[in-house]
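Chemist: Give me a model of this one.
(chains A and B)
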There are 2 protein chains.
Amino acid sequence: MSRSQVSLAVVVPRSPVTSPPGSDVTLNCSFSYKAGADLWRVVVTWQHPDYRVVHSFYYGQDQLARQNETYRNRTQLFPEQLSVGNASLRLKQVRGEDEGWYTCAVKNQVENTKGDVQLIVAAPYSEPQLAIGLPRPGDPVTLTVKVVGGYPRPTLLWLNAAGSDITNQSRTNHSVDSRGLYQIQSELEVVVNEAETFTFELDHPVMEQRVSRAVTLHPSTGGLYTDKNPNCEER
Amino acid sequence: MSRSQVSLAVVVPRSPVTSPPGSDVTLNCSFSYKAGADLWRVVVTWQHPDYRVVHSFYYGQDQLARQNETYRNRTQLFPEQLSVGNASLRLKQVRGEDEGWYTCAVKNQVENTKGDVQLIVAAPYSEPQLAIGLPRPGDPVTLTVKVVGGYPRPTLLWLNAAGSDITNQSRTNHSVDSRGLYQIQSELEVVVNEAETFTFELDHPVMEQRVSRAVTLHPSTGGLYTDKNPNCEER
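Modeler: Reported below is the predicted structural model:
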């Protein structure tokens, strides 16, 4: 291996790059460009692992004839910065399908080097909005939880007071907004004869988001926590 | 200033030490003890800013005759470690009243040096437990929130849908457990004629704990979020 080969080595982030859908993201890639080298001879190619061309640059300009249509009008290099070794790719309006590994390949007449960057498309969900329908006595109660602005789908769980999974008694709707973010709503219908606690859990491992919210429902017969603690003070 | 004076310099933590009530805490204090110096001549005194004696050590042993009674049987040095310059104080069963600045004073025949450590007594509150009493139609609904295991008292707020403070419509009880931790329960009684959102906020600045939980109550007439979004899928 000649010394000039080492000089072209590509540097990409080791950690995955996380972006919410609908946003623009930059996948960093730098190569050790030697001042005075012929930029006309530099070929930068960004590829998906399936060899789809994401973006291609040679003869001193973008060459998008063979660009995969998925990426049309959504990619951009920073051409004025190629001369300082910046081959980063800007990807606009990120979608869930964009998730995966991207190869940044840089070559000149003699050298050929590349590196892989992982893109993860994800966003955390909002704080759950809890809604409760107040029924006529004896009728079932509807507990509704709504979470918005997240991606991809989380795991939703409903638990009863005993900690048993009662998710199959619930109904869940997903909808997608214009940016590709989910709005999820889960309804649980329960009959309440005595005080009972229901717990809603959202598990969204991609964003390391885990939310658990409990609510106790009881027939209205005065306060629930009738504490007889002698230390009680009132404010 | 002679060189030996510098050698006795006391080192204490710059940041406050935070402990929950009912726990044991160590207030660190070290001094640059010179190997071979006469420990018999070392006097270690821990004091409260009002000059109450918290713990005193001289003639090679604890001297607790003038110890303030608040600290009786609750303090301890590490005598075997004095010879390596460790004058840290163990304070057991911390109480709210223990909060404040503690002075670690170390002296020998010629030198006299001290440092101040701040003790903060605080603990975060649990996730709020929400309970809802299901009334007969037309009767008011009782929303109850319970938080436990914290110290000192937090600020509790109830807000209506418009974001207005309706805390004065609530009733709050505080009780104290055997460790000195608070259990707080706040009840809000509301009449619900249409869907309305109520928000409970807990602000506990000492622990930088801020919790906000909203619940929407609505007369039971089918689902609340009747989304007609064409992208809806059902699971």
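Chemist: So what's the residue count around A:R153?
Modeler: Residues lying near A:R153 (other Cβ atoms under 10 Å in any protein chain shown) number 13. Bear in mind the C-beta positions are built from the backbone N, C-alpha and C, glycine included.
Chemist: Grab the nearest non-local neighbour of A:T45.
Modeler: A:A105 (4.5 Å; Cβ to Cβ, 6 or more residues apart in numbering or on different chains).
Chemist: Run a quick check on that neighbour versus A:H48, I expect a contact.
Modeler: No. Between A:A105 and A:H48 no contact is recorded; they are 11.9 Å apart, counting by Cβ atoms under 8 Å.
Chemist: Report the spatially nearest residue to the residue nearest in space to the middle of chain A, omitting neighbours in sequence.
Modeler: Nearest residue to the geometric centre of chain A (Cα atoms, centre = their mean): A:A122, 0.2 Å. Nearest residue to A:A122, sequence neighbours excluded (Cβ to Cβ, 6+ apart): A:V206, at 4.2 Å.
Chemist: wait, is that neighbour part of a helix?
Modeler: Yes. Checked against DSSP: H, G, I helix; E, B strand; the rest coil, A:V206 lies within a helix.
Chemist: Run the contact check for the helix or strand encompassing A:R213 versus chain B.
Modeler: Take DSSP states H and E as the rule and A:R213 turns out to sit in strand A:209-219. Yes. Counting by Cβ under 8 Å from any Cβ of the partner chain, contacts between strand A:209-219 and chain B involve A:212-219.
Chemist: Pull out the buried residues from those.
Modeler: A:213-218 (16 or more other Cβ atoms under 10 Å in any protein chain shown).
Chemist: Number of residues surrounding A:D50?
Modeler: A:D50 has 7 nearby residues by other Cβ under 10 Å.
Chemist: Which phi and psi values does it adopt?
Modeler: In terms of degrees, to the nearest 10, the main-chain angles of A:D50 are phi -80, psi 10.
Chemist: Can you give me the pLDDT of it?
Modeler: Per-residue pLDDT puts A:D50 at 81.
Chemist: what about it, distance to chain B?
Modeler: According to Cβ to the nearest Cβ, to the nearest Å, A:D50 stands 27 Å off from chain B.
Chemist: cool, and A:A123?
Modeler: A:A123 is 17 Å from chain B, by Cβ to the nearest Cβ.
Chemist: same thing with A:R171?
Modeler: As judged by Cβ to the nearest Cβ, A:R171 and chain B stand 7 Å apart.
Chemist: and the closest residue to that residue other than its chain neighbours, what helix or strand is that in?
Modeler: Counting by Cβ to Cβ, 6+ apart, A:R171 lies nearest to A:E187, which is 4.9 Å off, once chain neighbours are set aside. Element membership for A:E187 (DSSP H and E) is strand A:182-190.
Chemist: List of residues touching that strand?
Modeler: A:125, A:140-154, A:156, A:158, A:166, A:169-177, A:196, A:198, A:200, A:217, B:223, B:225, B:227, B:229 (Cβ atoms under 8 Å, 6 or more residues apart in numbering or on different chains).
Chemist: buried stuff in it?
Modeler: A:182-190.
Chemist: Who does the helix or strand harbouring the residue nearest to A:T45 pair with, and is each partner parallel or antiparallel?
Modeler: Using DSSP H and E, A:A105 sits in strand A:100-107. Paired neighbours of strand A:100-107 in the sheet (DSSP bridges): strand A:43-47 (antiparallel), strand A:112-121 (antiparallel).
Chemist: other SSEs contacting whatever helix or strand A:V148 lives in?
Modeler: Here A:V148, judged by DSSP H and E, is contained in strand A:141-150. Packing contacts for strand A:141-150, counted by 3 or more Cβ pairs under 8 Å, 6 or more residues apart in numbering or on different chains; DSSP states H and E, involve strand A:129-134, strand A:182-190, strand A:196-204, strand A:209-219.
Chemist: Which residues does the helix or strand where A:H55 lies contact?
Modeler: According to DSSP H and E, A:H55 maps onto strand A:53-58. Strand A:53-58 is contacted by residues A:42-48, A:62-64, A:66-68, A:71, A:75-77, A:79, A:82, A:89, A:91, A:102 when judged by Cβ under 8 Å, 6+ apart.
Chemist: Pull up the pairing partners for it, direction included.
Modeler: Strand A:53-58 is paired, per DSSP bridges, with strand A:43-47 (antiparallel), strand A:61-62 (antiparallel).
Chemist: which helices and strands does the helix or strand just after the shortest one pack with?
Modeler: Elements were assigned by DSSP H and E; along the chain past strand A:61-62, the next helix or strand is strand A:75-76. Identification of packing neighbours for strand A:75-76 by 3+ Cβ pairs under 8 Å, 6+ apart yields strand A:53-58, strand A:89-91.
Chemist: any idea of the mean pLDDT for strand A:75-76?
Modeler: 96.
Chemist: I am finished for the moment; much appreciated.
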